[in-house]
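Undergrad: Provided below are the primary sequence and the corresponding predicted coordinates.
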Number of protein chains: 2
Amino acid sequence: LETTLRSAERTVVIGPGRPFVIVGERINPSGRPDLAEELRRGEYATVCGEAIAQVQAGARVLDLNVGASRVDEVRVLPEVVAAVQEVVDVPLCIDSAMSAALEAALDACEGKPLVNSVTAEEEGLERILPLVRDRGAAVVGLAHGGEGITSDPHDRLEAARRIVERAAQLGIGAEDVVIDPLVMSVGVDSQAGAVALETMRLVRHELGTNIVSGISNVSHGLPDRDELGAAFLAMAMHAGLTCGIANPLAPQLLRMVRAAEVVLGVDRFAKAWIRLYREANPGSGGGD
Amino acid sequence: LETTLRSAERTVVIGPGRPFVIVGERINPSGRPDLAEELRRGEYATVCGEAIAQVQAGARVLDLNVGASRVDEVRVLPEVVAAVQEVVDVPLCIDSAMSAALEAALDACEGKPLVNSVTAEEEGLERILPLVRDRGAAVVGLAHGGEGITSDPHDRLEAARRIVERAAQLGIGAEDVVIDPLVMSVGVDSQAGAVALETMRLVRHELGTNIVSGISNVSHGLPDRDELGAAFLAMAMHAGLTCGIANPLAPQLLRMVRAAEVVLGVDRFAKAWIRLYREANPGSGGGD
């Protein structure tokens, strides 16, 4: 299945066998009190700077999250959408737990965005899926129900299946549902990475939908996080991940995406890899 | 299944859920004319230097290959075994296409080595498996028959199965057969990496044996090979690779092994990862 997202003029297609799509994660105030303070004041200079930097670095979609204490998401999220759309032309991933904020942001949004996210809980599905359908958006489905997060990949698969089925009933095709397998930190639960990877493999096989995941979650609380993220990213791309919410300014992650595309045969005959090498090493032959 | 290798005094156990075993690949004259020339003259200073450097860097087994034009393997391979055993105490992987050289090297070898390799071809199996059994060694089984290398992972699985079955008939348990799925360069065939990974997954599931692979093959002829090797290594460890023939002096590969062990939950609660971080950053807390 292929998920098509659009900005005003640009189309991004997410799908197996296609180049991996990086969703830039940096417009998010968690752990960044200065950014939270700007959002409270309705100032978007940092937001716009992050938008430009991430797109220049290779992000093809931008995640927009303004969740922080004393930030009025219903007012701020659509303003951030408008501000970002003025400086970059890439599809957006509207990231909020508040359906009123999602609704307001969708009204401000050009093209076809990704809504982040619903779970398999009926209440949320009924509240958010109609917004997604009416707006012609795509949606991220978190692979858990309301009963707490399970560490059984088969239970997660069933939660994902429920989301896909409820979406279909409401007129949203499986191509517009992107499943997030949920990644917890291996610093807390050593099996968290293996569980997420097996969930990806099952979803890829059984549902065939696209799969998105935050890359940094797996290393939360541990040192040298980009290296752990790169290892997880390579395994996840092999397991079926087609799209990652990540920091495109981390060169290790970006290089790993390109290397994994070579190994998996998506970058056919390593053409893109060799081109990058030649750009970085002018005058070289490109191989050994 | 667990494969136990031994040197004079050290035991190395290869198995799923255990720390990944790096087999140092650097004692090999291919592409190194100076080393080939030393081997022709029966001089082993470089060999001994490489042995020490690789073990210090983290290799837990050493591959010994002396195949080059005008090198008399039957004389040289056992001499290299003896020379290496004088300077390091790790199990050896005796790597030759000549059964007479394997036999001579096995006679010189202490402990329980790994013999590299047999294919599913009957003639080779009958020639080499009895040597492996009589010497109490373990053996690498290359997942192809005599009919040329197939790119169908299921055919490779069947070749691996034939090797395991013939070994069993000759009294060698499956725990002492380590399957090599065969890795070709993605620069030649874009699907080569995916085929090797799927072969690993099938072998892991269907046969349960340990799996070994050369890490560098996948990137042959391409630039920035260590990065491609690191991507392949992460995916392969997830697919079931328990042991890799690699250059332990490449820091990217070694770091990737450690990172992948964290992600896969082998390095429980990232204890080894955090210890490495603290050694490299004295006085630090170890997380963020």
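TA: Here it is on my side, so go on. Residues are numbered from 1 along each chain as shown, chains lettered A, B, ... in the order given.
Undergrad: any low-confidence regions in the stretch 101-250 of chain A?
TA: By pLDDT under 70, the low-scoring segments of the stretch 101-250 of chain A are A:146.
Undergrad: how about the strands in it?
TA: A:114-118, A:138-142, A:177-180, A:210-214, A:243-246 (DSSP state E, counting those that start in this stretch).
Undergrad: Of these, flag the one that's most buried.
TA: Highest mean neighbour count among the strands of the stretch 101-250 of chain A (mean count of other Cβ atoms under 10 Å in any protein chain shown): strand A:177-180, with a mean of 28. For the C-beta atoms, the positions are set from N, CA and C on the backbone; glycine is no exception.
Undergrad: Contacts for that one next, please.
TA: Here strand A:177-180 makes contact (Cβ atoms under 8 Å, 6 or more residues apart in numbering or on different chains) with A:3, A:14, A:114, A:117, A:138-143, A:160, A:163-164, A:167, A:203, A:207, A:209-214, A:243.
Undergrad: Backbone dihedrals for residue A:62, please?
TA: Phi and psi for residue A:62, reported as degrees, to the nearest 10, are phi -120, psi 130.
Undergrad: hang on, the earlier thing: would you turn the strands of the stretch 101-250 of chain A into a markdown table with distance to residue B:153?
TA: Shown next, in a markdown table, are the strands of the stretch 101-250 of chain A (distance: least, Cβ to Cβ, whole Å):
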| stretch | distance to residue B:153 |
| --- | --- |
| strand A:114-118 | 34 |
| strand A:138-142 | 31 |
| strand A:177-180 | 26 |
| strand A:210-214 | 22 |
| strand A:243-246 | 26 |
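Undergrad: Indicate which one of the ones you listed is closest to residue A:75.
TA: In terms of Cβ to Cβ, the element of those nearest to residue A:75 is strand A:114-118, at 18.5 Å.
Undergrad: what pairs with the closest one, and is each one parallel or antiparallel?
TA: strand A:92-95 (parallel), strand A:138-142 (parallel) (DSSP bridges).
Undergrad: Format the CA atom coordinates belonging to the shortest one as CSV.
TA: Coordinates of each C-alpha in strand A:92-95 appear next as CSV, following Å, rounded to 0.1, in the frame of the first residue of the first chain:
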residue,chain,number,x,y,z
LEU,A,92,2.7,18.2,7.5
CYS,A,93,2.1,15.7,10.3
ILE,A,94,-0.4,17.3,12.8
ASP,A,95,0.5,16.0,16.2
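Undergrad: Report the mean confidence score over it.
TA: Confidence over strand A:92-95 (mean pLDDT, whole number) is 98.
Undergrad: Give me the angle between the longest helix belonging to chain A and strand A:114-118.
TA: Across chain A, the longest stretch assigned as helix under DSSP state H is helix A:153-169. Counting by axes from the mean of the first three to the mean of the last three Cα atoms, to 10 degrees, helix A:153-169 lies at 120 degrees to strand A:114-118.
Undergrad: Next, see if helix A:153-169 gets close to chain B.
TA: No: applying Cβ under 8 Å from any Cβ of the partner chain, one finds helix A:153-169 out of contact with chain B, separated by at least 13.5 Å.
Undergrad: May I see the buried residues of that helix?
TA: Within helix A:153-169, the residues that count as buried by 16 or more other Cβ atoms under 10 Å in any protein chain shown are A:153, A:155-164, A:166-167.
Undergrad: Pick the one among these closest to chain B.
TA: Nearest to chain B among the buried residues of helix A:153-169 is residue A:153, at 13.5 Å by Cβ to the nearest Cβ.
Undergrad: For residue B:166, see how far away the closest one is.
TA: From residue A:153 across to residue B:166, the span is 36 Å (Cβ to Cβ, to the nearest Å).
Undergrad: Could you do residue A:283 as well?
TA: 53 Å.
Undergrad: In contact with residue A:242, which residues?
TA: The contact partners of residue A:242, by Cβ under 8 Å, 6+ apart, come to A:14-16, A:18, A:20-21, A:210-212.
Undergrad: Include distance to residue B:127 when you put those into JSON lines, please.
TA: Shown next, in JSON lines, are the contacts of residue A:242 (distance: Cβ to Cβ, whole Å):
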{"residue": "A:14", "distance to residue B:127": "52"}
{"residue": "A:15", "distance to residue B:127": "49"}
{"residue": "A:16", "distance to residue B:127": "44"}
{"residue": "A:18", "distance to residue B:127": "48"}
{"residue": "A:20", "distance to residue B:127": "46"}
{"residue": "A:21", "distance to residue B:127": "52"}
{"residue": "A:210", "distance to residue B:127": "51"}
{"residue": "A:211", "distance to residue B:127": "48"}
{"residue": "A:212", "distance to residue B:127": "52"}
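Undergrad: Out of the residues you listed, which comes closest to residue A:181?
TA: Nearest member of the contacts of residue A:242 to residue A:181, counting by Cβ to Cβ, is residue A:211, at 6.6 Å.
Undergrad: The closest one reaches residue A:244, doesn't it?
TA: No: look at residue A:211 against residue A:244 with Cβ atoms under 8 Å: they stay out of range, at 9.3 Å.
Undergrad: quick one: stretch A:267-281 to chain centroid distance?
TA: Its chain's C-alpha centre lies 25 Å from the corresponding centre of stretch A:267-281 when counted by Cα atoms, centre = their mean, to the nearest Å.
Undergrad: List the neighbours of it that are in contact with it.
TA: For stretch A:267-281, contacts defined as Cβ under 8 Å, 6+ apart pick out A:19, A:258-259, A:261-262, A:284, A:286-287, B:186-187, B:190, B:222-224, B:228.
Undergrad: Can you tell me which of these are buried?
TA: Going by neighbour count (16+ other Cβ under 10 Å), the contacts of stretch A:267-281 have A:19, A:258-259, A:261-262, B:186-187, B:190, B:222-224, B:228 buried.
Undergrad: who touches residue A:227 in this structure?
TA: Applying Cβ under 8 Å, 6+ apart, the residues near residue A:227 are A:252, B:255-256, B:259.
Undergrad: what does residue A:25 give?
TA: With contact taken as Cβ under 8 Å, 6+ apart, residue A:25 is in contact with A:63, A:214, A:216, A:245-247.
Undergrad: Quick check: the farthest pair among the residues you listed?
TA: Across the contacts of residue A:25 (Cβ to Cβ), the longest gap, 12.0 Å, separates A:63 and A:216.
Undergrad: what ranges do the helices span in the stretch 101-250 of chain A?
TA: A:122-135, A:153-169, A:192-206, A:225-239 (DSSP state H, counting those that start in this stretch).
Undergrad: Looks like residue A:253 contacts residue A:232 (just checking).
TA: No: contact between residue A:253 and residue A:232 fails when scored by Cβ under 8 Å: they sit 9.9 Å apart.
Undergrad: And the two? Which one has more around it.
TA: residue A:232 (32 against 23; other Cβ atoms under 10 Å in any protein chain shown).
Undergrad: So the more buried one is in contact with residue A:215, correct?
TA: Yes: if you go by Cβ under 8 Å, residue A:232 and residue A:215 touch, sitting 6.4 Å apart.
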